[in-house]
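Enquirer: Could you work out the structure for the sequence below:
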Amino acid sequence: MLALIDEMANSIDYWVTAAYRANQPEIAQDRSPAMVLRQLMRRLARRWQKRFDGLAQNLGAHYATETARRSDAALRSSLKKAGFTVEFKLTKTVNDILQASIAQNVSLIRSIPQQHMHAVEGAVMRSVQAGRDLSSLVTELRERHDVTRDRATLIARQQVNAATATVTRARQQEMGLTEAEWVHSAGGKHPRPEHVKAGRDHLRYDVTKGAYLEGKWIWPGTEINCRCVSRPVIPGVFYSPKGLVHTAYRGKDDELDAAAGRSAARAGKRAA
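Expert: So this is what the prediction gives:
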């Protein structure tokens with residue numbers, strides 16, 4: 001998608017530059033420079049909207065497929081560490097989530113050229129009205145290109161993260177799991193303090209309800225730029241701080257021993 005955005009921006013730069021230069025000294029007959037440039041913007045908008053519309057369905061489906069793959073792989077890995085082997089099937093619930101995700105992805109992808117062209121046309125019209133030179137306009141167009149690229153990147157990441165969280169939650173509920181543990185990703189430049197604390201404290205939350213953070217009920221990965229994930233809480237299985245799985249849970253004492261890193265030593269003494 002970023003390659004198509006770059007192609008769109010380069011095309012706009014070329015045609016706007018050519019039209020702006022041609023209309024700076026004079027304009028043919030009774031048409032004003034603003035009218036000529038506005039008509040050019042409309043033609044470019046139609047052209048690039050068509051290109052993005054053609055991409056949207058396939059790319060939206062790709063994001064959804066990647067969501068299902070990523071979600072199932074992560075949950076399968078957690079279950080495997082606990083000694084369970086699970087093969088996931090495309091259930092009606094998960095399929096409904098993916099179809100809704102595809103529809104939302106398509107809508108967001110289609111909105112990219114709409115918003116970009118609207119901003120570009122505004123920049124061109126302001127430039128004409130203010131009598132600015134071409135170099136100033138080109139600078140603003142390139143800044144707009146960067147903004148659109150950043151927005152597209154955010155859309156792609158956020159849609160995958162949010163849909164992954166929703167699919168994971170559905171899978172957990174289908175398996176009868178009622179609790180999950182918040183795992184902070186530590187991958188963002190500006191981590192949310194409450195998310196960091198939730199991960200550090202191994203916060204457990206109701207899978208159906210979510211965790212109460214930042215004044216609302218949320219799930220890992222559903223907030224913008226949140227890369228946190230969840231780990232299923234399986235009865236009889238708990239995790240040490242090093243990520244090792246311990247089974248045959250017998251009470252709070254065992255959990256405290258594991259947290260202190262002494263469970264392995266205790267097991268060795270019993271075996272001896």
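
Enquirer: Spell out for me which residue occupies the centre of the protein.
Expert: Central residue of the chain (Cα atoms, centre = their mean): residue 158, 1.5 Å from the mean position.

Enquirer: could you measure residue 88 against residue 45, distance?
Expert: 42 Å (Cβ to Cβ, to the nearest Å). To be clear about C-beta, it is placed using only N, CA and C from the backbone, and glycine gets the same treatment.

Enquirer: Quick one: low-confidence residue ranges for the stretch 1-150 of the chain.
Expert: The model of the stretch 1-150 of the chain has pLDDT under 70 over residues 24-32.

Enquirer: Show me where it has its helices.
Expert: For the stretch 1-150 of the chain, the helices defined by DSSP state H, counting those that start in this stretch occupy 2-23, 33-81, 92-130, 134-174.

Enquirer: Disregarding residues adjacent in the polypeptide, which is nearest to residue 231?
Expert: Among residues not flanking residue 231 along the chain, residue 181 sits closest, at 4.5 Å (Cβ to Cβ, 6 or more residues apart in numbering).

Enquirer: What about residue 154, how many residues nearby?
Expert: Counted with other Cβ atoms under 10 Å, residues neighbouring residue 154 total 12.

Enquirer: Also the one 5 residues further on?
Expert: Per other Cβ under 10 Å, the neighbour tally for residue 159 reads 21.

Enquirer: re earlier: turn the helices of the stretch 1-150 of the chain into JSON lines, including distance to residue 222.
Expert: Shown next, in JSON lines, are the helices of the stretch 1-150 of the chain (distance: least, Cβ to Cβ, whole Å):
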{"stretch": "helix 2-23", "distance to residue 222": "24"}
{"stretch": "helix 33-81", "distance to residue 222": "13"}
{"stretch": "helix 92-130", "distance to residue 222": "13"}
{"stretch": "helix 134-174", "distance to residue 222": "5"}
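
Enquirer: Of all those, which one is nearest residue 213?
Expert: Checking those against residue 213 by Cβ to Cβ gives helix 134-174 as the closest, at 13.6 Å.

Enquirer: need the contact list for the residue nearest to the centre of the chain.
Expert: 224-225 (Cβ atoms under 8 Å, 6 or more residues apart in numbering).

Enquirer: Quick check, pLDDT for it.
Expert: Note on residue 158: pLDDT of 84.

Enquirer: Repeat that for residue 212.
Expert: 96.

Enquirer: That one in helix, strand or coil?
Expert: strand (DSSP: H, G, I helix; E, B strand; the rest coil).

Enquirer: Contacts only, for it.
Expert: Per Cβ under 8 Å, 6+ apart, neighbours of residue 212: residue 205.

Enquirer: burial count for residue 219?
Expert: Neighbours of residue 219 using other Cβ under 10 Å come to 24.

Enquirer: Then the one 4 residues further on?
Expert: Under the neighbour criterion other Cβ under 10 Å, residue 223 is assigned a count of 19.

Enquirer: No more questions from me, cheers.
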